[in-house]
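> here is a sequence together with a model predicted from it:
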Amino acid sequence: MSDAQTLAPTATAAAKPAVRTRRRPAFTWWRAIVVLAALIGLWYLAAKHYADKGLAFLVPYPHLVWKDGFADSQVRHDLLQALGRSTVVTLVGLAIAIVIGVAWAMLMAQAKWVEQSLYPYAVVLQCIPILALVPLIGALAGYEFKSRVIVTVMIALFPMVSNTLFGLQSAERAQRELFTLSGAGRGTVLAKLLFPAALPSIFIGLRTSAGMAVIGSIVGDQFFQRGNPGLGVLIQVSASRLYGEQLYAAILTAAFLGVAVFLVFGLLGRLAVGRWYDFS
Amino acid sequence: MTSTLEKPTSTAGVLLDFRDTEMTFPNGTVALRGVDLTVRRGEFVSVVGPSGCGKSTLLRIASGLETASHGVTQVNTDRIGYVFQDATLLPWRSVQKNVELLAELDGMSKAKRAATAAKAIELVGLKGFEKNLPRQLSGGMKMRTSLARSLTLDPELFLFDEPFGALDEITRERLNDELLRLFAEQQFAGLFITHSVSEAVYLSTKVVVMSGRPGYIVESFDVPFPMPRDPDIRFTPEFGELVGQVSHALREGHR
């Protein structure tokens, strides 16, 4: 039968694209892993270069960072303890920044004149070099937990304020008029229109602020070292003692904290508004 | 300058009445000049006019969103439906919850507004899409949702601000037919703003032509075709002639 012969090639041709679409998701991960392998390769090259010059502590070999850093039980204990403390400072600072930021933005959203009176100070806060305030914060609040949180709040606050304000103003004019025509009061408009419309922006601000809060907690450590400091102090101490492996392990741990916080708050945003908003 | 928004008790079937209505915006723009227009129960009045002639301002005054700077505007009902140019749906609410919104703001009980919304959704032919979010709907379906939302208030006076302007021709024609059917079934009075002369003639019992800014009424045409209307009426010579007359008046007024 000649019919069967002509049909066979068509069937294979049709099957091919289906296989290709099934593979696509795995492929994207694979690319990122290639880059990671390339980066570790470069790291080895750099480590070799410095080891030859007798400056191995500047760029220690990756496997030594593992062996003398993460795999060493004493170092791992110090890392985990510092990570825990930094996480606490990050989350406490972030929580305060959320409360202040959302309240500040809601106040400004009430009237144009309030916004014009208060917004410049949000910008000023963003512009003050934190370093300039360090001696003052230390003198006023001490050199422990409280001051570390203050620095974290100051660094994390602006994205919360600006994104929330932008979100509260994002409802369309016609949508507002729809509520006006129904005789809805301020509270109803805020609860049923402005606030839900602001949620995507609030979560984008939250994700940005969370990343800033990690930076704040580590910078805060380096300024205010008394009490129970976290990763910032571990990084400084390792660097000053030329413990290259521990320094790199501490830096990687700080990076992990930043990525984890970014992912968690990104996921929170997707869970909250991903149903109706492309949160990416 | 005087302006009033009154709700008198009398007058036979007059739901909306503009008397010598003028609108001058704070920036000095004169949008409307000496507009006299009445909408009675059982009437569907379309307003056609060039862009920016103040057609929408007329609706905004009728709804209370704006106050006329001169003249008397009477609105003899508080059951007003307002359909915006965009569907103005809340993207985080499902079709069902969007349709319930106005009833919810009106303080209707949960069970009652769910039932009212279900009925309105069925009226506009969206049964089965209650759980969909606006992002999953086509432009025409969004507009139907918006119509259903207004229908929940059982309006006596329906104000339409170019609701189908952004839709494609086929969807637009289908929604025109739906609107005619709703008009026949629900017995509301309509004031409909549009750019399209044939849409205006097809839908209305009366077509009013406005001039360019500042807008005033150039001419008014009674549409003699009986309700309910056969879609094929659009291809009759009588329909074509009336569309021609309205278009002619529109060109004259624009000059």
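Cool, got the structure. Residues are numbered from 1 along each chain as shown, chains lettered A, B, ... in the order given.

> in chain B, what residue is nearest chain A?
Using Cβ to the nearest Cβ, the closest approach of chain B to chain A is made by B:Leu105 at 4.0 Å. In short, each C-beta sits where N, CA and C put it, glycine included.

> report the separation between the nearest residue to that residue once chain neighbours are set aside and B:Ala68.
If the residues on either side of it in the chain are set aside, B:Leu105 comes closest to A:Ser182, at 4.0 Å by Cβ to Cβ, 6 or more residues apart in numbering or on different chains. The gap separating A:Ser182 from B:Ala68 is 22 Å, by Cβ to Cβ, to the nearest Å.

> any weak-confidence spans in chain A?
Residues of chain A meeting the criterion pLDDT under 70: A:1-27.

> tell me the residues of it that contact chain B?
Within chain A, the positions near chain B by Cβ under 8 Å from any Cβ of the partner chain are A:172, A:174-175, A:177-184, A:188, A:192-193, A:196-197, A:199, A:273, A:275-277.

> of those residues, buried ones?
Buried subset of the residues of chain A next to chain B (neighbour count, 16 or more other Cβ atoms under 10 Å in any protein chain shown): A:175, A:177-179, A:181-182, A:184, A:192-193, A:196-197, A:199, A:273, A:276-277.

> what about the closest residue to B:Lys131 other than its chain neighbours, neighbour count?
Spatial nearest neighbour of B:Lys131, chain neighbours left out: B:Ser94 (5.2 Å); criterion: Cβ to Cβ, 6+ apart. Neighbourhood size, B:Ser94 [other Cβ atoms under 10 Å in any protein chain shown]: 20.

> ok, A:Ile150 - contacts?
Listed by Cβ atoms under 8 Å, 6 or more residues apart in numbering or on different chains, the contact partners of A:Ile150 are A:Ile137, A:Ala141, A:Gly220.

> typo on my end, it should be B:Ala103
By Cβ under 8 Å, 6+ apart, the contact set of B:Ala103 is B:Lys112, B:Arg113, B:Thr116, B:Ala117, B:Thr152, B:Leu153.

> among those residues, which ones are in helices?
B:Lys112, B:Arg113, B:Thr116, B:Ala117 (DSSP state H).

> including distance to chain A, could those go into JSON lines?
Formatted as JSON lines, the ones in helices among the contacts of B:Ala103 follow (distance: Cβ to the nearest Cβ, whole Å):
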{"residue": "B:Lys112", "distance to chain A": "16"}
{"residue": "B:Arg113", "distance to chain A": "13"}
{"residue": "B:Thr116", "distance to chain A": "15"}
{"residue": "B:Ala117", "distance to chain A": "15"}
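
> just the buried residues of those residues.
Among the ones in helices among the contacts of B:Ala103, those classed as buried by 16+ other Cβ under 10 Å are B:Arg113, B:Thr116, B:Ala117.

> look up the pLDDT of the last one for me, please.
Taken from the predicted model, the pLDDT recorded for B:Ala117 is 93.

> where exactly do the helices run in the stretch 1-150 of chain A?
Ranges of helices in the stretch 1-150 of chain A, per DSSP state H, counting those that start in this stretch, are A:2-52, A:62-64, A:73-109, A:112-127, A:130-141, A:145-168.

> out of the ones you listed, which is the most enclosed?
Of all the helices of the stretch 1-150 of chain A, helix A:145-168 carries the top mean neighbour count, a mean of 24, counting by mean count of other Cβ atoms under 10 Å in any protein chain shown.

> for the first helix or strand past that one going along the chain, name the packing helices and strands.
Going down the chain from helix A:145-168, the next helix or strand is helix A:173-181, by DSSP states H and E. In this structure, helix A:173-181 packs against helix A:186-189, strand B:80-83, helix B:95-105, with contacts taken as 3 or more Cβ pairs under 8 Å, 6 or more residues apart in numbering or on different chains; DSSP states H and E.

> which parts of chain B are helices?
Read by DSSP H, chain B holds these helices, from start to end of the chain: B:55-63, B:95-105, B:110-123, B:139-151, B:169-186, B:197-203, B:237-254.

> hang on, the earlier thing: who's in contact with the residue nearest to B:Lys131?
Counting by Cβ under 8 Å, 6+ apart, B:Ser94 touches B:Glu130, B:Lys131, B:Asn132, B:Leu133.

> now swap in A:Tyr50 and tell me
With contact taken as Cβ under 8 Å, 6+ apart, A:Tyr50 is in contact with A:Ala56, A:Leu58, A:Val59.

> look up how far chain B lies from it.
For A:Tyr50, the distance to chain B equals 54 Å [Cβ to the nearest Cβ, to the nearest Å].

> quick one, domains of the chain?
No chain in the question, so chain A it is. If you go by automatic domain parsing, the domain ranges for chain A are A:1-59, A:62-273.

> wrong one, I was asking about chain B
Taken from automatic domain parsing, chain B resolves into B:3-79+B:158-254, B:89-154.

> where does pLDDT dip in the stretch 151-255 of chain B?
Using pLDDT under 70, the stretch 151-255 of chain B drops low at B:254-255.

> which residues does the closest residue to chain B within the stretch 51-200 of chain A contact?
Closest approach of the stretch 51-200 of chain A to chain B (Cβ to the nearest Cβ) occurs at A:Ser182, with a separation of 4.0 Å. Applying Cβ under 8 Å, 6+ apart to A:Ser182 gives the contacts B:Leu102, B:Leu105, B:Asp106.

> can you redo those residues as TSV with pLDDT?
What follows is the contacts of A:Ser182, written out as TSV (pLDDT from 0 to 100):
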residue	pLDDT
B:Leu102	93
B:Leu105	92
B:Asp106	89
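
> ChimeraX command for the buried members of those residues?
Those of those that count as buried under 16+ other Cβ under 10 Å are selected in ChimeraX with:
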select /B:102,105
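
> looking at the contacts of A:Ser182, which is nearest B:Val45?
The nearest member of the contacts of A:Ser182 to B:Val45, counting by Cβ to Cβ, is B:Leu102 at 23.1 Å.

> do I have it right that that closest one meets B:Ala148?
No: using Cβ atoms under 8 Å, B:Leu102 is not in contact with B:Ala148, being 10.1 Å away.

> sort out which residues of the strand or helix carrying A:Thr253 are buried, please.
A:Thr253 is part of helix A:244-273 when elements are defined by DSSP H and E. Within helix A:244-273, the residues that count as buried by 16+ other Cβ under 10 Å are A:244-251, A:253-254, A:257-258, A:261, A:265-266, A:268-269, A:272-273.

> for it, which helices and strands make contact with it?
The helices and strands touching helix A:244-273, judged by 3+ Cβ pairs under 8 Å, 6+ apart, are helix A:73-109, helix A:195-223, helix A:231-240.

> and the contacts of the shortest one?
Spelled out, that is helix A:231-240. The contact list for helix A:231-240 (Cβ under 8 Å, 6+ apart) reads A:78-79, A:82-83, A:85-86, A:217-222, A:225, A:244, A:246-247, A:250-251, A:253-254, A:257.

> let's see it at 6 Å
Outside helix A:231-240, the residues within contact range by Cβ atoms under 6 Å, 6 or more residues apart in numbering or on different chains are A:Ala82, A:Ser86, A:Ile218, A:Asp221, A:Gln222, A:Gln225, A:Gln246, A:Leu247, A:Ala250, A:Ala254.

> can you pull up the most central residue in chain A?
A:Gly211 (2.7 Å; Cα atoms, centre = their mean).

> ok, so what distance separates it from A:Val259?
Per Cβ to Cβ, A:Gly211 is found 9 Å from A:Val259.

> likewise A:Ala46?
For A:Ala46 relative to A:Val259 (Cβ to Cβ), the value is 22 Å.

> then A:Phe166?
26 Å.

> same check on B:Lys119?
As defined by Cβ to Cβ, B:Lys119 lies at a distance of 51 Å from A:Val259.

> then A:Gln74?
Distance of A:Gln74 to A:Val259, computed by Cβ to Cβ: 25 Å.

> B:Pro26 now?
Separation of B:Pro26 from A:Val259 (Cβ to Cβ): 53 Å.

> could you do B:Phe84 as well?
Distance check for B:Phe84 against A:Val259: by Cβ to Cβ, it reads 44 Å.
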